[in-house]
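S.K.: Sharing a model that was predicted from the sequence below.
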Amino acid sequence: MLNVTFLGTAGSLPTPERNPSAVLINREGELMLFDCGEGTQRQMMCARTGMMRLNYIFLTHLHADHILGIPGLLETMAFQGRVEPLIIAGPVNTGRLVDAFKSVCYFSRNFEVRTLELEPGDVVRMDGYQVEAVETVHSVPSIGYCLREDMRAGRFNREAAVALGVPPGPLFGKLQHGQSVEVDGKTINPDQVMGQARPGRKIVYTGDTRPCRSVEVAGSGADMLIHDCALADDLAEWARDTKHSTAGEAAGVAKRANVRQLVLTHISSRYSEDTSPLLRDARAIFDRSIVAEDLMHLEIRLRDE
């Protein structure tokens, strides 16, 4: 299971329809939050995602609309009895940010909050996957993230195993887990009955950024690219000045990276009633584009290949 829930999809200003930036990923029951705009804990309640299994908060940068939900989320988890540690990862000064929250907020929590400052290329290893920091281009120090699952074993060829004399049962399982087995004095190796390794799933989340080559490289072949889309193409100069991306620019990144799906987020309040200009600009370049909405839930399935 790999699910993405868009808790907040607004640009710099929230609107009645959109909360500030926050994206939750649930991988096999493990929760990871990417950015944490104000009100994120309430959005998690509305989406019924749970929060006690949250282990990491990954921050793309320290602008207020991406971080101000942290104190409220920590306090809510404390009231719910959390005792497990939580890690907040992000760019330079993430540690200072969390220390500042501690110094001015009278937290009732009794669980540890650790910080981890990352640079592009740094990798956080998990069980069966990793999260890598990706270089982005914004008006303050910033990074994006690439969640990449490990390669999966190839398909088991039952007919080939039987033809080689392997009886159905425990020996099948050993071969599928990469172990050689012996049958009638003959050694059967996994590569004789297993297909080629298959890719895991990959999600790239940019946070706020200009279109950049590093995101294209990280996103190559990704199942989902979640890209900054503050403005339509007719405001390209404004996007350049504020270090954001237009819908068409995000679509260009998706096309060059050959991703399976582009999800546009960080939507300016000027499109609060009508996002069709963004979708039109994006789909003119990359047809597999959608605009994120608050509480939208997407599942990423394993590839068959």
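M.R.: Looks like it arrived, so ask away. Numbers count the residues shown, from 1 in each chain.
S.K.: Which stretches in the stretch 1-150 of the chain count as helices?
M.R.: Listed in chain order, the helices of the stretch 1-150 of the chain (DSSP state H, counting those that start in this stretch) span 40-47, 70-79, 94-104.
S.K.: who's in contact with M151?
M.R.: Residues near M151 by Cβ atoms under 8 Å, 6 or more residues apart in numbering: A197, R198, P199, G200. From N, CA and C alone the C-beta is placed, and that goes for glycine too.
S.K.: try 6 Å
M.R.: Neighbouring residues of M151 by Cβ atoms under 6 Å, 6 or more residues apart in numbering: A197.
S.K.: got it, and R260?
M.R.: Taking Cβ under 6 Å, 6+ apart as the test, what R260 contacts is D223.
S.K.: can you give me the strands for the stretch 51-200 of the chain?
M.R.: Secondary structure of the stretch 51-200 of the chain (DSSP state E, counting those that start in this stretch): strands at 54-58, 86-90, 113-117, 123-125, 129-135, 143-149, 181-183, 186-188.
S.K.: Okay, now the unreliable bits of the stretch 201-305 of the chain?
M.R.: 305 (pLDDT under 70).
S.K.: quick one: the strands in it?
M.R.: 202-205, 224-228, 262-265, 289-291, 296-299.
S.K.: Pairing partners for the fourth one, with directions?
M.R.: To tie it back to what came earlier, the one meant is strand 289-291. Sheet partners assigned to strand 289-291 using DSSP bridges are listed as strand 262-265 (parallel).
S.K.: Give the bridge partners for V134, please.
M.R.: On DSSP bridges, the residues paired with V134 through beta bridges are G144.
S.K.: Tell me if I'm right that it and R148 touch.
M.R.: No: in this structure, V134 is not within contact of R148 by Cβ atoms under 6 Å, at 10.8 Å.
S.K.: quick one: which of these two has more around it?
M.R.: Taking other Cβ atoms under 10 Å, V134 and R148 do not tie; V134 has more neighbours (26 against 19).
S.K.: contacting residues for that one?
M.R.: G144, C146, S214, A218.
S.K.: hmm, back to that, want to try a markdown table for the strands of the stretch 201-305 of the chain, with distance to C105 and mean neighbour count as columns?
M.R.: Listed next are those as a markdown table, based on distance: least, Cβ to Cβ, whole Å; neighbours: other Cβ atoms under 10 Å:
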| stretch | distance to C105 | mean neighbour count |
| --- | --- | --- |
| strand 202-205 | 27 | 26 |
| strand 224-228 | 29 | 29 |
| strand 262-265 | 28 | 27 |
| strand 289-291 | 34 | 20 |
| strand 296-299 | 31 | 14 |
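S.K.: Turn these into a markdown table, columns for distance to G39.
M.R.: Below are those laid out as a markdown table (distance: least, Cβ to Cβ, whole Å):
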| stretch | distance to G39 |
| --- | --- |
| strand 202-205 | 19 |
| strand 224-228 | 19 |
| strand 262-265 | 16 |
| strand 289-291 | 20 |
| strand 296-299 | 16 |
